[in-house]
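Visitor: Can you look at this prediction? I've put the sequence above it.
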Amino acid sequence: MKYITLITIALAVMAVSCNQPAKKETSKQDSVAKGPRVSVPAFNEDSAYLSCKTQLAFGPRVPNTPAHDKCADYLIAKMKSYTEHVIVQKGEVYAYNKTALKFKNIIGSWKPETNNRILLCAHWDSRPFADHDPDKKNWRKPVDAANDGASGIGILLEVARQLSLANPPIGVDIILFDVEDYGPPQDQTVENSEQYWGQGAQYWAANPHKTDYVAKYGILLDMVGAKDATFLMEGVSMEYAADIVKSVWSTGSRIGYSSYFLFEKGGYVTDDHVPLNKIRNIPTIDLIHLDKNTESGFYPYWHTTGDTFDKIDKNTLKVVGQTLLTVIFEEK
Ligand code: AHN
Ligand code: ZN
């Protein structure tokens, strides 16, 4: 099944042909010259890379396994080393097959007293099923989830470290969501299957860690570590938060990363940003590697046993991490 539907492609073609101005010719000189407007810390890609590696060393972080428990302890300890404001939201949700899944959403905050704030998030659990592996024998094996999980978390932990060193101009919450990736295997028919994806985020959206929680906008990272990643403008993000998409893409392009941030519409993805937009009304974008040349529409090793540490590229971690830090420190 093609995940990015034909309708989406038709819409994308329309959007490109009707709305998009001709791609601006920016010379290399321009993008180098127009750096950040304010002083922005330098994102350390080695540090993000190492924390990806540490997550993978636990083994696949599949809910209800020892690797999942140990990884949670690691993430909580790291977050507590970067801010005194850490909340671990624990609970239980039910998988498509009625398995009770214990989860931990891990929330770190900076300037918790202000409502002038933004939210950054990614998922830290690993998918139990490599159901898009080219070899059918692997469809019930877990995914190492180097890119699909660990990359976003590695970047957010380094952003957290930077926020512990330099006070941001606005409030920031970093949420490491659990149980994103326990949706039904693609070879099984399940009714209303969308409800079984992004369950940690759904829980948080219905039960935020603070009553009356507000944020100006949110940025979700998903599959943000592969070499030469391409970030298309994802459909749900464009419906709910087009101005945020455009501004993040512009910032990334301006600081020199225009080959990653493509001003081109991609398909609609069922991801953790959906409940944030629909339940909590926080305009939230999905910064996700969408590939025009794969059958799934995603990064080539998505939900395969090939989503391993060797797929992680330090340059891409730097691109995403530096763009996020620029977005944060240019806020007012
Ligand atoms: C679905 O496969 C329905 N959504 C993709 C969201 C996802 C899974 N992102 C990473 N893993
Ligand atoms: Zn996944």
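Guide: Okay, I see it. Since we're looking at a predicted model, the values are computed, not measured. Ligands and ions are numbered 1, 2, ... in the order given.
Visitor: three-state assignment of the residue most central in space within the chain?
Guide: Geometric centre of the chain, nearest residue: L221, 1.7 Å, by C-alpha atoms, centre = their mean. Here L221 is strand, with the state taken from DSSP: H, G, I helix; E, B strand; the rest coil.
Visitor: show me the contacts for it.
Guide: 120-122, 151-152, 155-156, 287-288, 320 (C-beta atoms under 8 Å, 6 or more residues apart in numbering). Where C-beta positions appear, they are placed from N, C-alpha and C, glycine not excepted.
Visitor: likewise W139?
Guide: Taking C-beta under 8 Å, 6+ apart as the test, what W139 contacts is 129-131, 133, 185, 187.
Visitor: Then A160?
Guide: With C-beta under 8 Å, 6+ apart, A160 has these contacts: 78-79, 82-83, 108, 174.
Visitor: Who wins on neighbours among those?
Guide: The most crowded member of the contacts of A160, judged by other C-beta atoms under 10 Å, is G108 (29 neighbours).
Visitor: Look at the residue of the stretch 201-332 of the chain found nearest ligand 2 and report its pLDDT.
Guide: Proximity of the stretch 201-332 of the chain to ligand 2 (C-beta to the ion) peaks at H303, 5.6 Å away. With respect to pLDDT, H303 scores 98.
Visitor: how many other residues sit next to whatever residue of the stretch 151-300 of the chain ends up closest to ligand 1?
Guide: Here the stretch 151-300 of the chain gets closest to ligand 1 at one residue, T270, 4.0 Å apart by C-beta to the nearest ligand atom. As a burial measure, T270 scores 16 neighbours (other C-beta under 10 Å).
Visitor: Which members of the contacts of W139 are positioned in strands?
Guide: Nothing among these maps onto strands, per DSSP state E.
Visitor: Check these for burial and list the buried ones.
Guide: Buried by 16 or more other C-beta atoms under 10 Å: 129-131, 133, 185, out of these.
Visitor: one step back: got CSV for the contacts of L221, with distance to P208, pLDDT and neighbour count too?
Guide: Conversion of the contacts of L221 to CSV gives the following (distance: C-beta to C-beta, whole Å; pLDDT from 0 to 100; neighbours: other C-beta atoms under 10 Å):
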residue, distance to P208, pLDDT, neighbour count
L120, 15, 99, 26
C121, 12, 99, 27
A122, 17, 99, 26
S151, 25, 99, 33
G152, 20, 99, 30
I155, 23, 99, 33
L156, 18, 99, 30
L287, 22, 99, 29
I288, 23, 98, 23
V320, 25, 99, 30
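Visitor: Tell me, how many residues neighbour the residue lying closest to N277 once chain neighbours are set aside?
Guide: Once flanking residues are discounted, N277 sits nearest to Y240: 4.1 Å by C-beta to C-beta, 6 or more residues apart in numbering. Using other C-beta under 10 Å, the number of residues around Y240 comes to 20.
Visitor: Go ahead and confirm the residue of the stretch 201-332 of the chain closest to ligand 2 touches F129.
Guide: Yes - the pair H303 / F129 is scored as a contact, 7.3 Å apart, by C-beta atoms under 8 Å.
Visitor: shared neighbours of these two, anything?
Guide: Both H303 and F129 are contacted by V143, under the criterion C-beta under 8 Å, 6+ apart.
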